[in-house]
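Student: The sequence isn't on hand, but the structure is:
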């Protein structure tokens, strides 16, 4: 297979002054599709920053979406991380250890109990934080072309029925969340968002937040497409009364795109790490892209260790 070129959406180097002195971070792949070069860039950046500052790194495989879970993809996660030269301090050592000790899918009861406790938070002076919603994405689109939830079920008083209803978090109209010195009108940009899905599973926002808070994560590297998601999770953390996540430091980087400017997907093909690896290709392009994003001389860097060394103070 011919090696494909990649484009970085924004060539402006990230400011590393926002990184904690002792970062605690995580790699959080989802086992629903094969990792691609964009994932590699994100993981390389996270690993290099944490390791260069003698921080702690956790591997968390987000398998909440049990329907889309693929055992072959799970196995490829560990193979790909090893191929990239990345290690971690806590988390599963391989597929068997993951199934036995680290699957988030087994923590459904814990997530549900925490969600129920959210409505008992005495700091909530306006009543319950959440409400049951029967709206489908299609019905929301008919009323709100932007996809922003129009508040249809906010005061309907529905009782939750798995398979029929989701549970949403109320976002007050005056809610402003600050992320990296940028003020976000959360109600106007994100709206009341789902915290428990119709298929009776926790949403990504709920599960990810609870895991990050429990793990005392204080530093997260994300694509800029998750900027509003970060604001939403900070708001949810404040509703819970959490102290760790609301002060977490974030770096949001531009997306890695294909040679024609297309967004990469978790599928087989020119940009999948599995196919690149099996065809004898190199991950050097991903390492150099990570270096360029971090503002270091990428021409002299070709491995994860090179990248780490370039960031050591």
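Tutor: Nice, I can see it. Given the structure is predicted, the values throughout are model-derived calculations rather than measurements.
Student: Can you pull out the low-pLDDT segments for the stretch 1-150 of the chain?
Tutor: Within the stretch 1-150 of the chain, the ranges that satisfy pLDDT under 70 run 1-13, 66-67, 120-127.
Student: let me fix that: the stretch 201-313 of the chain
Tutor: If you take pLDDT under 70 as the line, the stretch 201-313 of the chain has these spans: 257-270.
Student: Show me where it has its helices.
Tutor: 204-214, 227-240, 273-278, 284-293, 304-311 (DSSP state H, counting those that start in this stretch).
Student: repeat for the stretch 1-150 of the chain
Tutor: 37-52, 71-84, 95-97, 108-118, 137-143.
Student: As a markdown table, those helices with mean neighbour count would be great.
Tutor: The C-beta positions use only the backbone N, C-alpha and C, and glycine is treated the same way. Shown next, in a markdown table, are these (neighbours: other CB atoms under 10 Å):
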| stretch | mean neighbour count |
| --- | --- |
| helix 37-52 | 25 |
| helix 71-84 | 18 |
| helix 95-97 | 12 |
| helix 108-118 | 15 |
| helix 137-143 | 11 |
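Student: Tell me which of the helices of the stretch 201-313 of the chain lies nearest to residue 118.
Tutor: helix 227-240 (6.0 Å; CB to CB).
Student: End to end on stretch 206-224, go ahead and measure it.
Tutor: Start-to-end span of stretch 206-224 (CA to CA, to the nearest Å) is 20 Å.
Student: got it, and stretch 219-236?
Tutor: Stretch 219-236 end-to-end distance (CA to CA) = 17 Å.
Student: please renumber so the chain begins at 47
Tutor: New numbering, starting at 47: the last item is stretch 265-282.
Student: For the closest residue to residue 346 other than its chain neighbours, give me its contacts.
Tutor: What sits nearest to residue 346 in space, not counting adjacent residues and going by CB to CB, 6 or more residues apart in numbering, is residue 352, at 7.3 Å. Residue 352 is in contact with 333, 337, 346, counting by CB atoms under 8 Å, 6 or more residues apart in numbering.
Student: Distance-wise, check the first one relative to residue 93.
Tutor: To tie it back to what came earlier, the one meant is residue 333. 11 Å (CB to CB, to the nearest Å).
Student: Which among the helices of the stretch 47-196 of the chain is found nearest to residue 284?
Tutor: Using CB to CB, the helices of the stretch 47-196 of the chain put helix 154-164 closest to residue 284, at 11.2 Å.
Student: Next, the angle helix 250-260 makes with the closest one.
Tutor: 90 degrees (axes from the mean of the first three to the mean of the last three CA atoms, to 10 degrees).
Student: what angle do helix 154-164 and helix 273-286 make?
Tutor: 70 degrees.
Student: Which elements pack onto helix 154-164?
Tutor: On a contact count with 3 or more CB pairs under 8 Å, 6 or more residues apart in numbering; DSSP states H and E, helix 154-164 meets strand 239-242, helix 250-260, helix 273-286.
Student: Pull the number of nearby residues for the nearest residue to residue 209 once chain neighbours are set aside.
Tutor: Setting aside the residues directly before and after it, residue 209 is nearest to residue 244 in space (CB to CB, 6+ apart), at 6.4 Å. Under the neighbour criterion other CB atoms under 10 Å, residue 244 is assigned a count of 18.
Student: In contact with residue 244: list those residues for me.
Tutor: Contacts of residue 244 by CB under 8 Å, 6+ apart are 208, 209, 210, 211, 212.
Student: just to revisit the earlier point, can you list the helices and strands packed on helix 154-164 in a markdown table and add distance to residue 67 and mean neighbour count?
Tutor: Formatted as a markdown table, these follow (distance: least, CB to CB, whole Å; neighbours: other CB atoms under 10 Å):
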| stretch | distance to residue 67 | mean neighbour count |
| --- | --- | --- |
| strand 239-242 | 33 | 22 |
| helix 250-260 | 19 | 21 |
| helix 273-286 | 21 | 21 |
